[in-house]
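Q: no FASTA, just this:
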C-alpha cells in the first residue's frame, strides 16, 4: 500500500481471496465484506498522503500448506496517525509460494500502543 502498487498487492493474494473488517457502528460490532477488486482500486488510486500500514508480526502458526498470522498494526496517512487494530491473515502455500487467502481486521482510534 505504501507504494500505491495494486499489482504488487494483487500478487500477494490467492485466487478467490476474501477480505473482511469488523467495524463498530453506533456501538455495535458489524462484519463488513470488502471486495478485493475495490481494495486494489483504492490502493492504485493516487492519494495526497501515502497509505502507511505499519505491521508487527506477533504470532505465526504453520502446518504444511496453511499458515495463520496475527499482526497488530498502526495505520498512518502520511505522517498522521489514522487508526490501529489487528490483522488476522490466513495464508496458503500454492505453486507460486505463500498467498493470502483471507484477511479480517479490527479498526479503532483508541487504546492503541
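A: On my side now, so go ahead. Everything numeric here is computed off the predicted structure, so don't read it as measured data.

Q: just how off-centre is stretch 9-21 within its chain?
A: Taking the mean C-alpha point of stretch 9-21 and that of its whole chain, the gap between them comes to 9 Å (C-alpha atoms, centre = their mean, to the nearest Å).

Q: which neighbouring elements make contact with the helix or strand harbouring residue 21?
A: Using DSSP states H and E, the secondary-structure element containing residue 21 is strand 13-25. In terms of contacts (3 or more C-beta pairs under 8 Å, 6 or more residues apart in numbering; DSSP states H and E), strand 13-25 is packed against strand 28-34, helix 36-44, strand 80-94, strand 97-106. Any C-beta I mention is one placed from the backbone N, CA and C, and that applies to glycine too.

Q: who does the first one pair up with?
A: Put plainly, it is strand 28-34. In the sheet containing strand 28-34, the strands it pairs with under DSSP bridges are strand 13-25 (antiparallel).

Q: what sits up against the helix or strand hosting residue 54?
A: Counting by DSSP H and E, the element that carries residue 54 is strand 51-55. Judged by C-beta atoms under 8 Å, 6 or more residues apart in numbering, the contacts made with strand 51-55 from elsewhere in the structure are 1-2, 4, 43, 71-78, 87.

Q: which outside residues touch the helix or strand following that strand?
A: Note on strand 51-55: by DSSP H and E, the next helix or strand toward the C-terminus is strand 59-63. Around strand 59-63, the neighbours that count as contacts under C-beta under 8 Å, 6+ apart are 67, 68, 69, 70.

Q: excluding its backbone neighbours, what's nearest the second one?
A: It stands for residue 68. Setting aside the residues directly before and after it, residue 68 is nearest to residue 61 in space (C-beta to C-beta, 6 or more residues apart in numbering), at 4.6 Å.

Q: contacts for stretch 93-103 next, please.
A: By C-beta under 8 Å, 6+ apart, the residues outside stretch 93-103 that reach it are 12-14, 16-20, 64-67, 87-92.

Q: same deal with stretch 69-78?
A: Stretch 69-78 is contacted from outside by 47-61, 81-91, 105, 107, 112-113, using C-beta under 8 Å, 6+ apart.
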